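Q: Pasted the sequence and its predicted model underneath.
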Protein chains: 2
Amino acid sequence: MKAVVHVFLKPGVLDVQGKAVENALHGLGWSNVDGVRVGRVITFDLGQDDRASAEADVKAMCDKLLANPVIESYRVDLDA
Amino acid sequence: MKAVVHVFLKPGVLDVQGKAVENALHGLGWSNVDGVRVGRVITFDLGQDDRASAEADVKAMCDKLLANPVIESYRVDLDA
């Protein structure tokens, strides 16, 4: 089973990387671009097929390693 | 119109960050995890509503700023 994890800074947290990208896009002439947020996406093969336990495993991975739950939120998508 | 851009290293390119995450997951006890790839995801509001020109704009942004076309590939999703 494949997992796709999206990790983003929580809405209240200043996204400096996103701000830098936004400024660069404005500088390149795309002045209407707004609200740029930059996150990480992590894809992997879980090596197991049980959906419920896969979901629990990926959530544990996120809390322990893939995301910083203090300032980041994550979304898990599982794909058979 | 909202844009979501996924940027990944091309398949042949060694993903050292993904490898590091994979080793860490193995160390934490998830030894079946395989093929970890880490990419970036960039979301923003385009400030325009014409789909065709939005798509062309985002592709130009990717080639100029958001991705390194030599070693990275990208996928664009537009959402009204």
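A: Now that the structure is in, tell me what you want to look at.
Q: CA only for contacts and neighbour counts going forward, please
A: Noted.
Q: for the longest strand along chain A, packing partners?
A: When chain A is parsed with DSSP state E, its longest strand is strand A:34-45. For strand A:34-45, the contact count by 3 or more Cα pairs under 8 Å, 6 or more residues apart in numbering or on different chains; DSSP states H and E identifies strand A:2-9, helix A:16-27, strand B:34-45 as packing neighbours.
Q: which parts of the last one are buried?
A: Looking back up the chat, that one is strand B:34-45. Residues of strand B:34-45 classed as buried by neighbour count (16 or more other Cα atoms under 10 Å in any protein chain shown): B:34, B:36-45.
Q: What pairs with that strand, parallel or antiparallel?
A: According to DSSP bridges, the neighbouring strands of strand B:34-45, each with its direction, are strand A:34-45 (antiparallel), strand B:2-9 (antiparallel).
Q: Could you point out the helix or strand that follows it?
A: On the C-terminal side of strand B:34-45, the nearest following helix or strand under DSSP states H and E is helix B:51-61.
Q: and that next one, is it in reach of chain A?
A: Yes. Helix B:51-61 lies within reach of chain A by Cα under 8 Å from any Cα of the partner chain, at B:Met61.
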